[in-house]
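>>> Can you look at this prediction? I've put the sequence above it.
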Amino acid sequence: MAYNNEGDGASSLTIYPPPKSAEDSMASTSDFVRKLYKILEDPSFESIVSWGPAGDCFIVKDMNEFTTAILPRMFKHSNFASFVRQLNKYDFHKVKNADEDQFSWTFRHPDFHAHRRDGLENIKRKAPSHTTRRAVSSDSLLAPGNPSSFSAPHGSRQSLNSNSASLESNPNYFRRPRNRSLSPSPAHTHLIEELKCLNDDGEDMKARIRRLEREYEGVLVEVDGFRRGMKQREALMQSLITYFLTNERGGS
């Protein structure tokens with residue numbers, strides 16, 4: 001609040017708006033991003049999920065604990081793959097970290113940083129990608145001066161012009177919906193999103209299978225080493241038994 005003194009001696013009262021709180025600065029942020037940011041700002045979750053050392057990424061340190069303890073509490077489900085799909089829809093990317101273990105995941109977004117709430121409103125849900133491009137309408141091909149229009153013989157051009165004139169003379173011509181089939185239907189868009197989610201799930205499953213294969217190979221190596229150790233111990237025990245029996249017979 002401040003007073004403004006003008007030349008005529010009268011004073012006017014200028015009221016400044018109160019400073020925005022932390023909640024106000026996140027008002028335009030999506031519910032998913034807002035909840036994720038609150039999780040990372042909560043020190044009680046630091047042992048399970050936290051910001052990276054530079055604050056430009058976040059690390060799920062224990063996928064199992066995150067799935068069972070945090071997801072049901074904050075997102076009302078316990079499906080880590082669904083959480084990863086949501087991150088992908090908001091353009092988060094998984095970052096490979098050589099130091100992370102098999103249960104650790106690192107994600108990054110250029111506008112998602114520690115102690116920087118102002119960038120959260122820039123994180124938007126990605127628009128669904130269409131696999132088919134919008135076709136060029138026949139009107140644009142027939143438009144004069146269009147460099148992409150085809151060159152037809154003189155007789156054909158007259159035929160096209162006459163057909164066009166007859167169509168335009170029809171009073172119902174301009175009332176008909178044009179290029180209706182060029183716009184993807186909601187069902188088509190939903191199908192594309194589902195296919196993309198299935199593809200993401202497939203890639204995630206492949207990564208898990210490769211990880212399990214590496215772990216299985218490690219287990220086989222350990223089992224083989226254990227067997228070799230057992231054989232060596234059995235041979236040593238047999239040698240000791242033979243040695244003691246030989247000494248007893250020699251002493252008697």
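Everything's here; your move.
>>> average model confidence for stretch 112-121?
The average pLDDT within stretch 112-121 is 90.
>>> what's in contact with that stretch?
Residues outside stretch 112-121 that contact it (C-beta atoms under 8 Å, 6 or more residues apart in numbering): 22, 25-26, 28-29, 33-34, 37, 40, 51, 55-58, 92, 111, 123. In this view, the C-beta of every residue, glycine as well, is placed from N, C-alpha and C.
>>> Which of those fall in strands?
If you go by DSSP state E, the contacts of stretch 112-121 have 51, 58 in strands.
>>> Give me the PyMOL select line for the contacts of stretch 112-121, limited to the buried ones.
Buried members of the contacts of stretch 112-121, defined by 16 or more other C-beta atoms under 10 Å, are picked up in PyMOL with:
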select buried, resi 26+29+33+34+37+40+51+57+58+92+123
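>>> For residue 112, grab phi and psi.
When read as degrees, to the nearest 10, the backbone of residue 112 gives phi -110, psi 100.
>>> right, I mislabeled it, should have said residue 115
With angles defined as degrees, to the nearest 10, residue 115 sits at phi 60, psi 30.
>>> How many neighbouring residues does it have?
When counting by other C-beta atoms under 10 Å, one arrives at 7 neighbours for residue 115.
>>> Give me the nearest residue to residue 122, chain neighbours excluded.
Spatial nearest neighbour of residue 122, chain neighbours left out: residue 111 (4.3 Å); criterion: C-beta to C-beta, 6 or more residues apart in numbering.
>>> Give me the distance between that neighbour and residue 117.
Distance, residue 111 to residue 117, using C-beta to C-beta, to the nearest Å: 11 Å.
>>> what does residue 105 give?
From residue 105 to residue 117 the distance is 23 Å (C-beta to C-beta).
>>> So for the two, which sits in the more crowded spot?
Per other C-beta under 10 Å, whichever of residue 105 and residue 117 has more neighbours is residue 105, with 21 against 17.
>>> Report how many residues lie close to the closest residue to the more buried one other than its chain neighbours.
Spatial nearest neighbour of residue 105, excluding adjacent residues (C-beta to C-beta, 6+ apart): residue 60 at 4.3 Å. As a burial measure, residue 60 scores 21 neighbours (other C-beta under 10 Å).
>>> what residues are up against residue 60?
By C-beta under 8 Å, 6+ apart, residue 60 lies in contact with 48-49, 66, 104-107.
>>> Let me see the backbone angles for the closest residue in space to residue 29 that isn't next to it in sequence.
Of all residues not flanking residue 29 in the chain, residue 120 sits nearest, at 4.3 Å (C-beta to C-beta, 6+ apart). With angles defined as degrees, to the nearest 10, residue 120 sits at phi -70, psi -30.
>>> ok, residue 120 to residue 34 distance?
Taking C-beta to C-beta, one finds residue 120 at 7 Å from residue 34.
>>> Tell me which residues touch the closest residue in space to residue 109 that isn't next to it in sequence, please.
With C-beta to C-beta, 6+ apart as the criterion, residue 109 has its nearest non-adjacent residue at 4.8 Å, and that residue is residue 92. Taking C-beta under 8 Å, 6+ apart, we find residue 92 in contact with 107-109, 112.
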